[in-house]
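Engineer: Below: sequence and its predicted model.
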Amino acid sequence: MKSELTAPIGEISQIKGKCISLIGDDIDTDRIIPARFLKCVTFDALGNSVFEDDRKTLNGKHPFDSEVNKGASILIVNSNFGCGSSREHAPQALMRWGIKAIIGESFAEIFYSNCIAIGIPCFTLPKESIKDIQKYNDNENFFLEIDLKNCCAKSKDLNFNLEIRESSRKMFLSGEWDATSTLLKNETLIENKFNELPYLKFNSHLL
Amino acid sequence: MSQNTLFDKIWDLHKVSSLPGGSDQIFIGLHLIHEVTSPQAFGALKDKSLKVKFPNRTVATVDHIVPTDNQSRPFKDNLAEQMIDTLERNCIEHKIRFFNIGSGNQGIVHVVAPELGLTQPGMTIACGDSHTSTHGAFGSIAFGIGTSQVRDVLASQTIAMNKLKVRQIWCENNLSNGVYAKDLVLHIINRLGVKAGVGFAYEFAGPAISALSMEERMTICNMSIEGGARCGYVNPDEKTFEYIKEKLCAPQNKNWEKAIKWWRSLKSNENSIYDDVITLDASKVEPTVTWGITPSQSVGINQEIPLLEDLHPNDQFIAEEAYEYMGFKPGQSIKDTPIDVCFIGSCTNGRISDLRVAAEVLKNNKVSINVKAFVVPGSEKVAKEAKKEGLDKIFIDAGFQWREPGCSMCLAMNSDKLIGNQISASSSNRNFKGRQGSPSGRTLLMSPAMVATAAINGKVSDVREFINK
């Protein structure tokens, strides 16, 4: 089934939505999307399979199955979220389930850059603030309004200062977060680099 | 901020431009692709009407989805067939060299590129696979990327990336007998944790690293990512050059002279500045086995699974999850844990030297009747060399199944999977929940020699008791 939810386009300065809390450290990309779902040549159908094995194990009690989290778009996680495999299928599956932004204690490197590349801003908050949100979110719907310009988030009665890598923040605000066109603007510089790298000269048999 | 390290030098050499917000545009010297993370990237190129900019700087092979029992085409698994077919078409359309099954050069991408001499010092290397850090063993800067970045490399041969900090991991003294590179890297990850490497490149150095063979260095760099570091490397030396010499794609004749001259100039300066330095004593490392669900949850073979209160508060949450998932009790000994499946292979430990070490243990021994054991050579070249040396026969005589090359049960995208809550002794790199194909399957990571020992005894055992007999 093709999901309606695809990557956003252009400037991202504000994200409003309901939060969904997922508790646990070191949640790896194999858990976000088990390897058997990587047998595909498009990302379109991944949304339904997000956290498939964890959800089956919890038999309907996983946050991604809970009725109250329906329509949530801001994922709240703990530390080292997205560690392990470089599979972009992981953020693609989250996005196709409906996630538009992630707030966590910390993120794994490749997962972070994959999220940025497809338009999912990842913000960090101290452990205690994450706990506060997760506690709150346990009992009821928790809505957040994220302001990327001022790097903050507010709910009905809580305010947070979010952190995000400055390069990512600028890209989202300028709307130039689709890297390919930005990179290709420097075509002459790329060709100069190709011509000056020492090893491409002595590997000329491969060119 | 680091200065004059090999990482700084290679980064500066490949920097094309500074991008807004502080990231850099970096030229990628060698791009490796495979069937799992490339189809959507080619799809995106098509959507944007873009071409592959430097098709000669991308090389393809097929590894993740290939069956290891019957590789005749079409594959029995339709989805797997569709993926290899898509890669074949994309490589033809974009004129990309493809080392397909039967070419003699197919295999796990991180085994194949070094054995072809494609991986060389001083390069930047990217691939849509987190274990790309393997290639850092040659003094290159190599890292995994996602599919959007695969698209960027295909379209521009560059990516946007924030420069990493550099942590030197200095390993004093030498590994003792029966202790291998795998034990050392598991030990390092245990000491630093799975997220200490986020934002860092790891430089592995010191007498213990210099003493390692190139294949052992690959094992170390391969698992950098399990410590959170996207990139790990070793300064190149004469062993590095010797390994590359006369490989299929290595520079030849006059070009070889030029290459080696440049390579010899490539290393971190004596007075380099690092963002962090860690020192450890390699002689104290024991054969190491993971007991949990992250690669940092490991113990020496004679140690017990740690008690909750002995762990750092930050590690307690995941430890509780691990005790429960693994069905192990805190304080329990890891030694003598019964094993159901033994797997030797993967980009971490599926090379010829790994097979030799395991075969040495297995010679004149039999796999326990309760164990299913199989060995998956890392590449067609590894398989060919192993057969030449008669290693296949040693494995088969011992009761191992001898399979065709691929990633196999490291991530279980083919039919090689654990069943139910089976426990595997595995020479691979990840013990995540469900990693080896069963949502309740359990993985104990260890060296190939330790996997072979576990296969014979049917339980986790100390390889030193075998080889010192």
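Structural biologist: That came through, no problem. This structure is a prediction, so every number in the text was calculated from the model and none was measured.
Engineer: switch to C-alpha atoms for all contacts and neighbour counts from now on
Structural biologist: OK.
Engineer: residues near residue 129, how many?
Structural biologist: All of this is about chain A. 17 (other CA atoms under 10 Å in any protein chain shown).
Engineer: Chain B was what I was after
Structural biologist: Neighbour tally, B:Asp129, other CA under 10 Å: 25.
Engineer: can you pull out the helices in chain A?
Structural biologist: A:29-32, A:52-58, A:89-97, A:109-117, A:127-139, A:166-174, A:179-184, A:187-196, A:198-202 (DSSP state H).
Engineer: same thing with the stretch 201-350 of chain B?
Structural biologist: Secondary structure of the stretch 201-350 of chain B by DSSP state H, counting those that start in this stretch: the helices cover B:207-210, B:214-222, B:238-244, B:253-264, B:313-326, B:346-349.
Engineer: Could you export those helices to CSV, including columns for mean pLDDT and distance to B:Glu389?
Structural biologist: Converted to CSV, the helices of the stretch 201-350 of chain B look like this (pLDDT from 0 to 100; distance: least, CA to CA, whole Å):
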stretch, mean pLDDT, distance to B:Glu389
helix B:207-210, 98, 27
helix B:214-222, 98, 18
helix B:238-244, 98, 19
helix B:253-264, 97, 29
helix B:313-326, 96, 38
helix B:346-349, 98, 18
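Engineer: just to revisit the earlier point, mean neighbour count, the helices of chain A: which tops it?
Structural biologist: helix A:89-97 (a mean of 26; mean count of other CA atoms under 10 Å in any protein chain shown).
Engineer: outside of it, which residues touch it?
Structural biologist: Contact partners of helix A:89-97, identified using CA atoms under 8 Å, 6 or more residues apart in numbering or on different chains, comprise A:3-7, A:29, A:32-33, A:38, A:43-44, A:46-50, A:82, A:111, A:114-115, A:118, A:120.
Engineer: of the helices of the stretch 201-350 of chain B, which approaches chain A most closely?
Structural biologist: Of all the helices of the stretch 201-350 of chain B, it is helix B:253-264 that lies closest to chain A, at 4.9 Å by CA to the nearest CA.
Engineer: ok, residues contacting the closest one?
Structural biologist: A:Pro198, A:Tyr199, A:Phe202, A:Asn203, B:Pro121, B:Gly122, B:Pro236, B:Asp237, B:Phe241, B:Ala250, B:Pro251.
Engineer: Could you give the average pLDDT over stretch B:384-392?
Structural biologist: Regarding stretch B:384-392, the rounded mean pLDDT is 98.
Engineer: Can you get me the start-to-end distance on it?
Structural biologist: 10 Å (CA to CA, to the nearest Å).
Engineer: Only the buried residues of that stretch, if you could.
Structural biologist: B:Ala386, B:Leu391, B:Asp392 (16 or more other CA atoms under 10 Å in any protein chain shown).
Engineer: Among these, name the ones in helices.
Structural biologist: Short answer: the buried residues of stretch B:384-392 in helices (DSSP H) are B:Ala386, B:Leu391, B:Asp392.
Engineer: Look through chain B and state the residue closest to chain A.
Structural biologist: Closest point on chain B to chain A, by CA to the nearest CA, is B:Gly21, at 3.7 Å.
Engineer: coming back round to it: quick check: of the buried residues of stretch B:384-392, which lies closest to B:Ala359?
Structural biologist: B:Leu391 (6.2 Å; CA to CA).
Engineer: before we move on, back to that, so which of the ones in helices among the buried residues of stretch B:384-392 would count as near chain A as well?
Structural biologist: Checked against chain A using CA under 8 Å from any CA of the partner chain, these yield no neighbours at all.
Engineer: Looking at the helices of chain A, spot the one closest to B:Gly128.
Structural biologist: helix A:109-117 (10.1 Å).
Engineer: Having no further points to raise, I will conclude here.
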